[in-house]
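Colleague: just coords:
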């Protein structure tokens, strides 16, 4: 593990777990993330950014000089289902676009508690359907997301499969939240090691998102669904995360169902470390790995 990664871990622990007092409100949490978004460096010159509509869902398109116009990554952001926006990811999404040689489309899906389940999963599925209806070949699409967005990716795939919609060539999830019942041992074993997320925070965000919904509802917590028929999937997660078992158990269920899944557990990486690619070599390496994975799956889907 690099010294820079250790410094990022230290800073994240101070920012997320170094505060005493009552739990932050939704409004203060969103202001905090909004401030981080304003600090995020802008993409390099030559990055093409456009606003667009995907089936009534606002989205942003990010393309670099390396991006092929016929290949698309539909990205669903994290934020515990209660916060987050494309602005927070503007130093990250262009890197994914360049590594995958594709256009990245990031949605502004609806957030809880104003819009609890199933609003976000409906937005994700609608955005995908709109992308296909607009002429995109499913074999040239990858669904991708991190944290709560990673759970949305897998939940949306279950929903789309159940509806008979053609599925994308592959999926990529980073530190996905797949179990809103918080049943994994890692919620207890990694409670102190995780520099970012506490069990109390996870439980509070799950309650905002779920409302009266059973936390084991498959579209909300895809770990409880039947993953048969889902596309090849890459899962990357840090070894110290409380969400570690969400990835491990999801991968186990997918393998048992005959799915192609690659699980990578990165030692001591913080939650969704990829967004710190400007300073962390491990983040840049993980993004490069994603680029290799999706390009390989696209070639296979097209028989190349």
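Modeller: Structure's in. What do you need? Since the structure is predicted, the reported quantities are computational estimates derived from the model, not experimental observations.
Colleague: For this protein, which segments count as strands?
Modeller: Assigned by DSSP state E, the strands in the chain fall at 48-54, 57-63, 72-76, 103-107, 141-146, 170-174, 233-238, 261-266.
Colleague: Of all those, which one is nearest residue 134?
Modeller: Among the strands of the chain, strand 48-54 comes nearest to residue 134, with 8.0 Å by CB to CB. Yep, even glycine has a C-beta here, placed from its N, CA and C like the rest.
Colleague: Show residues contacting stretch 245-257.
Modeller: Here stretch 245-257 makes contact (CB atoms under 8 Å, 6 or more residues apart in numbering) with 151, 154, 173, 175-179, 184-187, 222-223, 226-230, 233, 235, 237, 261, 263, 265.
Colleague: now do 7 Å
Modeller: With contacts defined as CB atoms under 7 Å, 6 or more residues apart in numbering, stretch 245-257 is touched by 154, 176-179, 184-186, 222-223, 226-228, 230, 233, 235, 237, 261, 263.
Colleague: tell me which residues of that stretch are tucked away?
Modeller: Applying a neighbour-count criterion of 16 or more other CB atoms under 10 Å, one finds 245-251, 253-254 buried in stretch 245-257.
Colleague: in this structure, what spans have low per-residue confidence?
Modeller: Scanning the chain with the threshold set as pLDDT under 70 gives 19-21, 33-39.
Colleague: let's see 80
Modeller: 18-24, 28-29, 31-40, 304 (pLDDT under 80).
Colleague: Just give me the longest helix of it.
Modeller: Counting by DSSP state H, the longest helix found in the chain is helix 281-301.
Colleague: Report all helices and strands that that one contacts.
Modeller: In terms of contacts (3 or more CB pairs under 7 Å, 6 or more residues apart in numbering; DSSP states H and E), helix 281-301 is packed against helix 93-100, strand 170-174, strand 233-238.
Colleague: Direction-wise, compare it with strand 141-146 and give the angle.
Modeller: Between the axes of helix 281-301 and strand 141-146, defined by axes from the mean of the first three to the mean of the last three CA atoms, to 10 degrees, the angle is 160 degrees.
Colleague: rewinding a little: turn the strands of the chain into TSV, including distance to residue 297.
Modeller: Shown next, in TSV, are the strands of the chain (distance: least, CB to CB, whole Å):
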stretch	distance to residue 297
strand 48-54	22
strand 57-63	20
strand 72-76	11
strand 103-107	16
strand 141-146	7
strand 170-174	4
strand 233-238	9
strand 261-266	10
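Colleague: Tell me which of those strands sits nearest to residue 200.
Modeller: strand 233-238 (19.7 Å).
Colleague: dump the residue contacts of the nearest residue to residue 140 once chain neighbours are set aside.
Modeller: Leaving aside its chain neighbours, residue 140 sits nearest to residue 71 (4.9 Å; criterion: CB to CB, 6 or more residues apart in numbering). Neighbour list for residue 71: 101-103, 140, 298 [criterion: CB under 7 Å, 6+ apart].
Colleague: which one of these has the most neighbours?
Modeller: If you count neighbours using other CB atoms under 10 Å, the busiest of the contacts of residue 71 is residue 102, which has 28 neighbours.
Colleague: Packed most tightly, which of the helices and strands packed on helix 281-301 would that be?
Modeller: strand 170-174 (a mean of 28; mean count of other CB atoms under 10 Å).
Colleague: before we move on, the earlier item: looking at the strands of the chain, spot the one closest to residue 273.
Modeller: Short answer: strand 233-238, nearest of these by CB to CB, at 6.3 Å.
Colleague: Next, the angle strand 170-174 makes with that closest one.
Modeller: If you take the same axes, to 10 degrees, strand 233-238 sits at 10 degrees to strand 170-174.
Colleague: For strand 233-238, which strands pair with it and how are they oriented?
Modeller: In the sheet, strand 233-238 lines up against strand 170-174 (parallel), strand 261-266 (parallel) (DSSP bridges).
Colleague: Redo the ones you listed as a markdown table? Include distance to residue 57.
Modeller: Conversion of the strands paired with strand 233-238 to a markdown table gives the following (distance: least, CB to CB, whole Å):
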| stretch | distance to residue 57 |
| --- | --- |
| strand 170-174 | 19 |
| strand 261-266 | 27 |
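Colleague: can you tell me which of those strands comes nearest to residue 218?
Modeller: That would be strand 170-174 among the strands paired with strand 233-238, by CB to CB, at 15.6 Å.
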